[in-house]
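# turn this into a model:
(one chain, ligands or ions: 1)
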Amino acid sequence: MLVTSPPSPDVAPVTLEQVSVAIGGRPVLRDVDLAVRAGEMVTLLGPNGSGKSTLVRAVTGLLPHTRGVVRLFGTPIEEFGDWSRLGFVPQRSTATGGVPATVREVVASGRVGRRRLLRPTSAADRRAVESALEVVGLTDRASYGVSQLSGGQQQRVLIARALASEPDLLVLDEPTAGVDLPNQQALADALGRLKARGATILLVAHEIGPMMSLVDRTVVMRDGRVAYDGPPLTQEVASHTHHDHDHGPDHGPGSHDHAPHVASPFDWDRGAH
Ligand SMILES: Nc1ncnc2c1ncn2[C@@H]1O[C@H](COP(=O)(O)OP(=O)(O)OP(=O)(O)O)[C@@H](O)[C@H]1O
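Next up is the predicted model:
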């Protein structure tokens, strides 16, 4: 039976308890414990191949986990049915290639879960779509076919679609890859507005950039495990995070220019992406 959980500020929107995922028999996530609390913005950092996308795919129900429990709003994901509460922006490589829809149509598809069956779009739907288009700077491209846009613009369409759905939980997998600084700032503003409304945000990123001031917590993945879970880290400091389950840095947030609390940086395969 599918369960619809009533909204509750006390229930963590995302919980992973000892979650493992194997792909083709190979362990990719190992014994991950993670809770993202209501209203929090958590960034997931880590080198290429460390399991970040696998984790968000397990959280969004796209990939089954092999062990442990994944809960969304307190409900085991296998029983969860309230998918309109969740927005997801996938990594660009899996985005909209070849979709013969206009930009506005794709963004409006984000409202489908919010609408009652067979009801026409409401003024609120239209406002949410236009506002999301404006936030990502694509108002003047709204009637273009998505396939006419550049890769970076297609990514912004997916971000606008997720924003239009006004989700309680927004999961974004590297939304700023290939997005220029003004648009990163626009995205940060949009996420800030969403967060101010109480939304919970889980963000995989290589570059946090203008979103840094919104971040409540950083989780660093390494070899499919949580290597760090604590106060916000910049990408640069995270790349030096070394110890497994190192809860809390020696230096608090705001002291990122100090030498990190590690013996040596681990190999950071930037070029392989
Ligand atoms: N569909 C798949 N088939 C086989 N192996 C996979 C698949 N998806 C992921 N993997 C492997 O799982 C591991 C973790 O990949 P994942 O994409 O989760 O890492 P990531 O931290 O998101 O990396 P990136 O920063 O490059 O996106 C990698 O070794 C990857 O090769």
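# where does the chain have low pLDDT?
1-9, 92-100, 112-121, 241-273 (pLDDT under 70).
# and the residue lying closest to residue 220 once chain neighbours are set aside, what are its bridge partners?
Residue nearest to residue 220 in three dimensions, not counting chain neighbours: residue 228, with 3.9 Å by CB to CB, 6 or more residues apart in numbering. Every residue, glycine included, has its C-beta placed from N, CA and C. Going by DSSP bridges, residue 228 is paired in beta bridges with residue 220, residue 246.
# how near is residue 26 to residue 202?
Residue 26 is 24 Å from residue 202, where distance means CB to CB, to the nearest Å.
# quick one: which of those two has more around it?
A count of neighbours by other CB atoms under 10 Å puts residue 202 above the other of residue 26 and residue 202, at 24 against 8.
# the more buried one - that's part of a strand, no?
Yes. Remark: residue 202 belongs to a strand, assigned using DSSP: H, G, I helix; E, B strand; the rest coil.
# run a quick neighbour tally on the closest residue to it other than its chain neighbours.
Distances taken as CB to CB, 6+ apart place residue 171 nearest to residue 202, at 4.8 Å, with adjacent residues excluded. If you count neighbours by other CB under 10 Å, residue 171 ends up with 25.
# so residue 171 is in which element?
strand 169-173 (DSSP states H and E).
# buried residues, the helix or strand just after that strand. List them.
Downstream of strand 169-173, the first helix or strand assigned by DSSP H and E is helix 181-196. For helix 181-196, the neighbour count (16 or more other CB atoms under 10 Å) marks 183-184, 186-188, 190-192, 194-195 as buried.
# same thing with stretch 137-149?
Going by 16+ other CB under 10 Å, stretch 137-149 has these buried residues: 137-138, 141-142, 146, 149.
# need the strands for the stretch 1-150 of the chain, in chain order.
Counting by DSSP state E, counting those that start in this stretch, one finds strands in the stretch 1-150 of the chain at the ranges 14-23, 26-36, 41-45, 67-72, 75-76, 86-89.
# got JSON lines for the buried residues of stretch 137-149, with distance to residue 131 too?
JSON lines is the format used below for the buried residues of stretch 137-149 (distance: CB to CB, whole Å):
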{"residue": "137", "distance to residue 131": "12"}
{"residue": "138", "distance to residue 131": "12"}
{"residue": "141", "distance to residue 131": "15"}
{"residue": "142", "distance to residue 131": "12"}
{"residue": "146", "distance to residue 131": "19"}
{"residue": "149", "distance to residue 131": "19"}
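# for residue 179, state which of these is nearest.
Closest approach to residue 179 among these (CB to CB): residue 137, at 9.9 Å.
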